[in-house]
Structure formats: structure tokens, C-alpha cells
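Enquirer: A predicted structure for the sequence below; I have some questions about it.
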Amino acid sequence: MSIETEFAQAARWFNTARADLDTARALQGLGRFAPSCFHAQQAAEKAFKGLLVATGRLPKTHSIAQLLRALPPGPGRQPLLAQAARLDKLYIGTRHPDALPEGTEIADAYDAKDAKDAKDAIDVAEGAITLLTQWRRELGVS
């Protein structure tokens, strides 16, 4: 794949990440907190994949922590690992009731009463997208 093609692919990943973040916000506003958490995770995952496509290092995974580890080492990456792990737990549990203890409803597991999980997930995803956009610009990816 040529560098121009990689950069075009990266832009598509970033555009999709922003759309997922908008979806997470909209679902949060509707009180649909578990799907909001999932779309926040997806937003961060797709932003990481956008940057990795541009660097030619895209592993086949949905783990944000693994995607972060695939980036070249540099400042600002280590503190993201804890946040990446927080988002990783939202990939399966927010959508599959059998991933939770028996008798636990997804809505109950993801702060249905106060929306804290959705707000936290959106905040982490927004921060990741902002940082990854900055790194993207430093790499010269338009």
C-alpha cells in the first residue's frame, strides 16, 4: 500500500471514530448507557487504528491496549494504558449478557442510574482521539 493510500485509509478511520463518538454522546443523552459505552470504546479503537494504518502497523485486534502497544514508543503513551484497559472492558460486556454474572442485566452493570460509566468512557475516548489526532498531525497524516 502506498503512503498516500495509507493516509487516505487513516483519514477514513478517524472520520469513523468521530462518528462513533457522536453516536456515544447521542445514546448517552437517550439514557442508553451500555451502548454509549460500547460506541465510546469503538471511537477510541478506530482512532488508534487510523494512526496505526498510517504507520503501517495495524494488528488484528479490538484491544485498545494492544493497539497502543503497537505504536512506536514515545511520550504520552504510557499513561494511556490504564485508560485503554478501562475501554477494553466495554467491548464485550456492554453487548453480551452472557459476559456478565448470571442474573446481571447489562443496564445495571453499566451505571444505568447515574450514567457514570458512559460519561467516563466518552471522556476517555475524547481524550484519546484528541491525542491521536495530534500524533497524526506530527506524522504528517492529513
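Expert: Nice, I can see it.
Enquirer: use CA for all of it now, contacts and neighbours both
Expert: Fine.
Enquirer: Show me where this structure dips below the pLDDT cut-off.
Expert: Residues of the chain that meet the criterion pLDDT under 70 lie in 1-4, 74-77, 112-113, 141-142.
Enquirer: What segments of it are helices?
Expert: 3-29, 33-55, 64-70, 80-88, 90-93, 106-109, 116-139 (DSSP state H).
Enquirer: show me what contacts the residue of the chain most remote from its centre?
Expert: Most distant from the centre of the chain: residue 103, at 28.0 Å, with distances by C-alpha atoms, centre = their mean. Listed by C-alpha atoms under 8 Å, 6 or more residues apart in numbering, the contact set of residue 103 is empty.
Enquirer: can you give me phi and psi for it?
Expert: Dihedral pair for residue 103: phi 90, psi -10, per degrees, to the nearest 10.
Enquirer: what would the helices of the chain look like in JSON lines with mean neighbour count?
Expert: Converted to JSON lines, those look like this (neighbours: other C-alpha atoms under 10 Å):
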{"stretch": "helix 3-29", "mean neighbour count": "19"}
{"stretch": "helix 33-55", "mean neighbour count": "27"}
{"stretch": "helix 64-70", "mean neighbour count": "19"}
{"stretch": "helix 80-88", "mean neighbour count": "18"}
{"stretch": "helix 90-93", "mean neighbour count": "19"}
{"stretch": "helix 106-109", "mean neighbour count": "16"}
{"stretch": "helix 116-139", "mean neighbour count": "19"}
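Enquirer: Quick one, which of those gets closest to residue 99.
Expert: Closest approach to residue 99 among the helices of the chain (C-alpha to C-alpha): helix 90-93, 5.4 Å.
Enquirer: Mind listing residues that contact the closest one?
Expert: 37-38, 41-42, 62, 99-100, 106.
Enquirer: now it, how far from the chain's geometric center?
Expert: Its chain's C-alpha centre and that of helix 90-93 lie 12 Å apart, by C-alpha atoms, centre = their mean, to the nearest Å.
Enquirer: measure the spatially most central residue of the chain to residue 70 for me?
Expert: When C-alpha atoms, centre = their mean is applied to the chain, the residue found nearest the centroid is residue 44 (1.9 Å). Distance, residue 44 to residue 70, by C-alpha to C-alpha, to the nearest Å: 15 Å.
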